[in-house]
Every structure is written in structure tokens, then in C-alpha cells.
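>>> Sequence plus predicted model, see below.
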Amino acid sequence: MSKLIKRLHPDSRVPGASAVDLKKAERALGVLFPDEYKDLFLQTNGAQFGEWSLHPVPTRQEVLQDIVRHNEKRPASLPDDLICIGENLTGDKLCYRIRKRFLQELVFRWNEKTGIAKYPSSSLKEFIDWHVPKRKTNQAYRLGRFTVESNEGSLLRTRGRHGFTADFVECEVRQLDRSHHLHGRRVG
């Protein structure tokens, strides 16, 4: 579980829920959470991994959208045997399937237009390993190298901090956290 905690978005780390809060959420939903889920939520109540956010369990602290409220206001087309545990920025749902009151460890991705994704992940950890990019804090992440072409003679014109204009042949885009930086080799 410590590997999952390390993958958390730093701003989303909050104190964990209590075992009593987890039991209350299970009772309200009529299910039993998998051990992996309980272990994670004892360390942090709700989490953000990349673009995916896991819904917190209800506690004494008021939150806008906990797992119980979210499943009370679930989309009508969501199958009854799925419990939403989180969602991404585009509205795709992350779900566990209910089997005889137990939530399976399989993690399903559900979309309102396409339904359940064909291949579930065998666990929450596997889903995060497969679908969430690994964060390298304070290190540039190389997105790729490419050549820019133009019919107007200059390939790429940019005005630098010191007011000069430069043309570039090769450009490299790097990502540092959420901002993109363009690096290039100056021509002429």
C-alpha cells in the first residue's frame, strides 16, 4: 500500500478515515469493501492519482461528494451491480462490482456513452499502475522531439525574455508539473 501512497498527488493527501467511518460507509452502501481499499482509506480519506479522484468516505468533516452521496445520485444507466469509488476529469467512473454484498477486487472503468470497459484491472493498485502516469516531482518530463515546418520561411518564431526573435529548427517539449516548456535549437 505504501507504493500507492507514494503515487498520490501531493495536494490530495488528507488524514485517513477511521475503521468506524469505513464500517458506516459499508453499512450505508450495503457492501463490504475489499481489504486493499480499506487499507488505503485508513491512510488517506480520498485520493487523487493523476486525473482520477477517489471519493472519500463520510466522516464528521463535511465534504461535498463522499462515496455514499455519489452512489445515491448515480447515473441511471450505471448497472446496479457497480459501486462508484471515484471518477476522472471527463466523468468516467471507477467502480467495484458487487457480488453477494462483497465488492470484488476487480476495478472497472465505466463511461456513460460506452458502458463498462472491456478489460477490468485485477486491483486498484494495478489500475493505478496501468492508467496513471508516474510522477517525477520537480523533474522535467520529456514529451517528445519533433521538427516544425512552415511555408513562410521561418520555422518557429518566438520572442525571448530579452526581446530578440529567434527561428528554431528542432523543438523539444518538456512538461514540468502541469506547465509545458518549449526548448529548441536556434538556427541562423
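Everything's here; your move.
>>> Report the backbone C-alpha coordinates of the lengthiest helix in the chain in CSV.
With secondary structure taken from DSSP state H, the chain has its longest helix at helix 19-29. Coordinates of each C-alpha in helix 19-29 appear next as CSV, following Å, rounded to 0.1, in the frame of the first residue of the first chain:
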residue,chain,number,x,y,z
ALA,A,19,-12.3,2.0,10.8
VAL,A,20,-15.7,3.1,12.3
ASP,A,21,-16.2,5.5,9.4
LEU,A,22,-15.4,2.7,6.9
LYS,A,23,-17.9,0.4,8.6
LYS,A,24,-20.6,3.1,8.5
ALA,A,25,-19.9,3.7,4.8
GLU,A,26,-20.1,-0.1,4.1
ARG,A,27,-23.4,-0.3,6.1
ALA,A,28,-24.9,2.8,4.2
LEU,A,29,-24.0,1.2,0.8
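>>> May I see the buried residues of the next helix or strand after it?
Using DSSP states H and E, the helix or strand that directly follows helix 19-29 along the chain is helix 35-43. The neighbour-count check on helix 35-43 (16 or more other Cβ atoms under 10 Å) flags 36, 37, 38, 39, 40, 41, 43 as buried. For every residue, glycine as well, the C-beta is placed using N, CA and C.
>>> Helix 35-43 packs against which elements?
helix 2-7, helix 19-29, helix 124-131 (3 or more Cβ pairs under 8 Å, 6 or more residues apart in numbering; DSSP states H and E).
>>> Show me what the helix or strand just after it is in contact with.
Going down the chain from helix 35-43, the next helix or strand is strand 47-49, by DSSP H and E. For strand 47-49, contacts defined as Cβ atoms under 8 Å, 6 or more residues apart in numbering pick out 4, 7, 8, 9, 11, 12, 13, 40, 53, 54, 128, 132.
>>> Just the buried ones from the residues you listed, in PyMOL syntax?
In PyMOL syntax, the buried subset of these is picked out as below (16+ other Cβ under 10 Å):
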select buried, resi 4+7+8+40+53+54+128+132
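>>> could you redo the contacts of strand 47-49 as a markdown table and give each row pLDDT?
Formatted as a markdown table, these follow (pLDDT from 0 to 100):
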| residue | pLDDT |
| --- | --- |
| 4 | 71 |
| 7 | 70 |
| 8 | 72 |
| 9 | 69 |
| 11 | 71 |
| 12 | 69 |
| 13 | 76 |
| 40 | 90 |
| 53 | 89 |
| 54 | 91 |
| 128 | 86 |
| 132 | 77 |
